[in-house]
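**Student:** sequence isn't available, so here's the structure alone:
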């Protein structure tokens, strides 16, 4: 069983026998609670403060940190693949590079899109399939908005999609809410908790969108 916990923004704890933390913020600079996790592996999509400044909070002496890593690597039983993308629609001219991470924990394939600022080309879509759990930014301004996120969702067809990087209580960034992304999608549901327990055998047959709470 893998427990997925949302720590706000693009930061998640994916925990089984190994703990993976994605894009750790420090909490205070965003108006959110700081992460309490201690990670075996930290995946950082890019170096902006709201995705990287929480590293000292989640790091242990033996933590392996991948920052803007491209390529493939096996770490503590987790296979990680980093693919170079961009933080904008201008090939990084405005906001730089963004790395998306495909990683497998206990047989479950996760894809974290970081601060992706453009829709994915068919080459990348085919390279990451199949995806069991997709973490996709939906709040616009600095990343994909609801329409871009919906296109990626439709192209990749993950078993579970978890929206991230949108306006929540306390967050001091000018992002849109998750409502527009969820609107009109009958497969979408909101959970009143910040975590989800999944395993390869319990994944839904048809895609579900699950909005977590913090």
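**Tutor:** Okay, I see it. In this text, all values refer to a predicted model and were calculated from it rather than measured experimentally.
**Student:** OK, contacts around the residue lying farthest from the centre of the chain?
**Tutor:** Within the chain, the residue lying farthest from the chain centre (Cα atoms, centre = their mean) is residue 61, at 24.2 Å. With contact set as Cβ atoms under 8 Å, 6 or more residues apart in numbering, residue 61 has no partners. C-beta here means a position set from N, CA and C on the backbone, and glycine is covered the same way.
**Student:** model confidence for it, exactly?
**Tutor:** Residue 61 carries a pLDDT value of 97.
**Student:** so how far is residue 63 from residue 47?
**Tutor:** In this structure, residue 47 and residue 63 are separated by 17 Å, where distance is defined by Cβ to Cβ, to the nearest Å.
**Student:** my bad, should have said residue 142
**Tutor:** For residue 142, the distance to residue 63 under the criterion Cβ to Cβ works out to 27 Å.
**Student:** which of the two has more neighbours?
**Tutor:** When residue 142 and residue 63 are compared for neighbours, residue 142 comes out ahead with 18 against 15, by other Cβ atoms under 10 Å.
**Student:** for the more buried one, what are its contacts?
**Tutor:** Shown in contact with residue 142 (Cβ under 8 Å, 6+ apart): 87, 95, 115, 117, 165, 173, 175.
**Student:** out of those residues, who has the most neighbours?
**Tutor:** Neighbour counts for those peak at residue 165, which has 32 neighbours (criterion: other Cβ under 10 Å).
**Student:** with adjacent residues omitted, what lies nearest to it?
**Tutor:** residue 137 (3.5 Å; Cβ to Cβ, 6 or more residues apart in numbering).
**Student:** do the same with residue 15
**Tutor:** If you skip the residues right next to it in sequence, residue 15 has residue 3 as its closest partner in space, 4.8 Å away by Cβ to Cβ, 6+ apart.
**Student:** quick revisit: what pLDDT does the model give the residue nearest to residue 165?
**Tutor:** Reading off the confidence values, residue 137 has pLDDT 98.
**Student:** test my guess that it contacts residue 146.
**Tutor:** No: using Cβ atoms under 8 Å, residue 137 makes no contact with residue 146, being 10.1 Å away.
**Student:** settle it for me: which of the two has more neighbours?
**Tutor:** Neighbour count, other Cβ under 10 Å: between residue 137 and residue 146, residue 137 has more, with 29 against 20.
**Student:** for beta bridges, what are the partners of the more buried one?
**Tutor:** residue 164 (DSSP bridges).
**Student:** now do the contacts for it.
**Tutor:** For residue 137, the contacting residues are 10, 113, 114, 115, 116, 143, 144, 149, 163, 164, 165, 166, taking Cβ under 8 Å, 6+ apart as the criterion.
**Student:** which parts of the protein are strands?
**Tutor:** The residue ranges that make up the strands of the chain, judged by DSSP state E, are 2-6, 12-15, 19-22, 41-44, 64-67, 71-75, 78-86, 97-105, 108-112, 133-137, 160-164, 188-190, 195-198, 208-211.
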